[in-house]
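Q: The following comprises the amino acid sequence and a computationally predicted model.
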Amino acid sequence: MITALRGFRDIWGEDWEVFEEIISTFKNRLRDFNVAWIETPILEPLELFVRSVGEFTDIVQKQMFSFRDRGNREVALRPEGTAGVVRAFVENRLSYPIRLAYFGPMFRAERPQKGRYRQFYQLGVEFIGFSGPYADAEGLISAYLPLKDLGLKVKVFVNTLGGEEAKVKYSEKLRDYLMDLDFLCEDCIRRRERNPLRVLDCKVCSPKLSPPDILEMVPKNERDNFDKTIRILEKYGVPVERDPKLVRGLDYYTGLVFEIKAEELDAAQNTILAGGRYDNLIYQLGGENIPAFGWAAGIDRISLIYKPSQKPKDLYFVVRTSDEYFEEAFEVLMILRNSNKRADMVFEEGKSLKAQMRRANKLGARWVVFVGEEEVKRGVVKVRDMETGEEFITSLD
């Protein structure tokens, strides 16, 4: 038997229905924010992610599925959504300001665990051409409200990386602080020289750190914008709190960064949505110097804690007393479906009424609709309530 690769999975049945309800909830809420939807390729040039995500990030160094294709080109399965959307924005010369939303699979060669897969699903939005504290607040509110609609208990953690200049200055100061520490893991020893901000993102080392505060490096106007954003979020009911160690794991971020954590998940995997401002990325990928803000939600993790608000529609199962009434039974099936009822029947010929009833029970049918000689003569059907056992005669006209 051939099985799925480690870290990859099939999603079907009730699990897919949960996925679909989560996605629909996000889409319904994002309509209020005037988004346009975009679909980008799963396979992109490797250079796109090296230039955007960062050459020395864990994603590029250790996690990407990259290879040479038949044309000897270096390509990669997308590890995140922002880079591809920005590439599409620049390549297609889209007008702005624009809010571009996307949904689809991403790929990272991480160690599989609960809620983390090597093929995982993200839904996100890129706010291109928007800047300032109200734009940051709008972007974050658009991320928070769908989670609220889903009934999830979450907390929003924010920080600022300042502009590019503040980020560089802080990286140098942080590097000096980290050089004297002897408890860093092997990965963070490597990170502290090449990309010290990534040490703050380490689940093992970060809790032990007491690093300098980046706000010391941030110019007054940028700090004022950050403070104003927090006030706006608080005014509109977003449960926001500052985390001075929050940096995110991608190099393109500048300015506001945030993570939304679910209270029901363990601390090691409780971030279900994250994002921030990236004002330099579009220019770095060949476009104009355009500000931008974005976020992505992890649908796999959200599905671990989301409790569907609605049960599936009751199933109507059509049975026939003999194959002589197959055509009439199929007609009843189609009448039910055209009436927006979830309905099914046994299509194999030669199945007894008892065998058909077993199938109805196995599928959890609430209603069984009988089609036989008497029903066909009278132009009616007999319906049995499988929960109460009660039966009644009705016309489907």
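A: Thanks, I have it. Numbering: from 1, shown residues only.

Q: Quick one: mean pLDDT over stretch 208-220.
A: The pLDDT scores in stretch 208-220 average 85.

Q: Next, please give the residue ranges for the helices of this protein.
A: Secondary structure of the chain by DSSP state H: the helices cover 13-30, 46-52, 58, 82-91, 133-149, 164-179, 186-194, 220-235, 281-284, 299-305, 326-338, 353-362, 373-378.

Q: May I see those arranged in JSON lines, with mean neighbour count and distance to Met64 as well?
A: To be clear about C-beta, it is placed using only N, CA and C from the backbone, and glycine gets the same treatment. Shown next, in JSON lines, are these (neighbours: other Cβ atoms under 10 Å; distance: least, Cβ to Cβ, whole Å):
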{"stretch": "helix 13-30", "mean neighbour count": "16", "distance to Met64": "25"}
{"stretch": "helix 46-52", "mean neighbour count": "19", "distance to Met64": "6"}
{"stretch": "helix 58", "mean neighbour count": "19", "distance to Met64": "10"}
{"stretch": "helix 82-91", "mean neighbour count": "22", "distance to Met64": "11"}
{"stretch": "helix 133-149", "mean neighbour count": "21", "distance to Met64": "25"}
{"stretch": "helix 164-179", "mean neighbour count": "16", "distance to Met64": "23"}
{"stretch": "helix 186-194", "mean neighbour count": "16", "distance to Met64": "16"}
{"stretch": "helix 220-235", "mean neighbour count": "16", "distance to Met64": "32"}
{"stretch": "helix 281-284", "mean neighbour count": "20", "distance to Met64": "18"}
{"stretch": "helix 299-305", "mean neighbour count": "20", "distance to Met64": "19"}
{"stretch": "helix 326-338", "mean neighbour count": "16", "distance to Met64": "45"}
{"stretch": "helix 353-362", "mean neighbour count": "15", "distance to Met64": "44"}
{"stretch": "helix 373-378", "mean neighbour count": "14", "distance to Met64": "61"}
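
Q: among the ones you listed, which is nearest Tyr252?
A: Closest to Tyr252 of these, according to Cβ to Cβ: helix 281-284, at 4.3 Å.

Q: re earlier: out of the helices of the chain, which gets the lowest mean score?
A: Least confidently modelled of those is helix 58, at a mean of 67 by mean pLDDT.

Q: Turn the helices of the chain into CSV, including distance to Lys313.
A: Converted to CSV, the helices of the chain look like this (distance: least, Cβ to Cβ, whole Å):
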stretch, distance to Lys313
helix 13-30, 11
helix 46-52, 42
helix 58, 44
helix 82-91, 35
helix 133-149, 21
helix 164-179, 52
helix 186-194, 49
helix 220-235, 38
helix 281-284, 44
helix 299-305, 20
helix 326-338, 11
helix 353-362, 15
helix 373-378, 24
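
Q: Nearest to Arg68 among those would be which one?
A: Nearest of the helices of the chain (Cβ to Cβ): helix 46-52, 9.2 Å.

Q: what does that closest one rub up against?
A: The contact list for helix 46-52, computed with Cβ atoms under 8 Å, 6 or more residues apart in numbering, reads 59-60, 64, 66, 74-76, 78-80, 82-84, 86-87, 250-252, 281, 284-285.

Q: now do stretch 125-135
A: Under the contact criterion Cβ under 8 Å, 6+ apart, stretch 125-135 has outside partners 30, 33, 35, 82, 85-86, 89, 94, 96-102, 138-139, 142-143, 225-226, 228-229, 232, 277, 279, 282, 290-295.

Q: now with 6 Å?
A: Stretch 125-135 is contacted from outside by 35, 85, 89, 96-101, 139, 225, 228-229, 290-294, using Cβ atoms under 6 Å, 6 or more residues apart in numbering.

Q: Relative to the whole chain's centre, how far out is that stretch?
A: Mean C-alpha position of stretch 125-135 versus that of the full chain (Cα atoms, centre = their mean, to the nearest Å) differs by 20 Å.

Q: got the buried residues for it?
A: Val125, Glu126, Phe127, Ile128, Gly129, Phe130, Ser131, Pro133, Ala135 (16 or more other Cβ atoms under 10 Å).

Q: out of the helices of the chain, which comes closest to Asp385?
A: Per Cβ to Cβ, nearest to Asp385 of those: helix 353-362, 12.3 Å.

Q: Return the closest one as PDB; C-alpha atoms alone will do.
A: Extracted C-alpha coordinates of helix 353-362, given in PDB (Å, rounded to 0.1, in the frame of the first residue of the first chain):
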ATOM      1  CA  LEU A 353     -34.600  -3.300   1.200                       C
ATOM      2  CA  LYS A 354     -32.700  -4.600   4.300                       C
ATOM      3  CA  ALA A 355     -29.300  -3.800   2.700                       C
ATOM      4  CA  GLN A 356     -30.500  -0.300   1.800                       C
ATOM      5  CA  MET A 357     -31.600   0.300   5.300                       C
ATOM      6  CA  ARG A 358     -28.200  -0.800   6.600                       C
ATOM      7  CA  ARG A 359     -26.600   1.800   4.300                       C
ATOM      8  CA  ALA A 360     -28.900   4.500   5.600                       C
ATOM      9  CA  ASN A 361     -28.000   3.700   9.200                       C
ATOM     10  CA  LYS A 362     -24.300   3.600   8.400                       C
END
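
Q: now it against helix 326-338, angle please.
A: Relative orientation of helix 353-362 and helix 326-338, computed by axes from the mean of the first three to the mean of the last three Cα atoms, to 10 degrees: 20 degrees.

Q: So for Ile11, what's the nearest residue that isn't a sequence neighbour?
A: Phe19 (6.2 Å; Cβ to Cβ, 6 or more residues apart in numbering).

Q: Cool, thanks, talk later.
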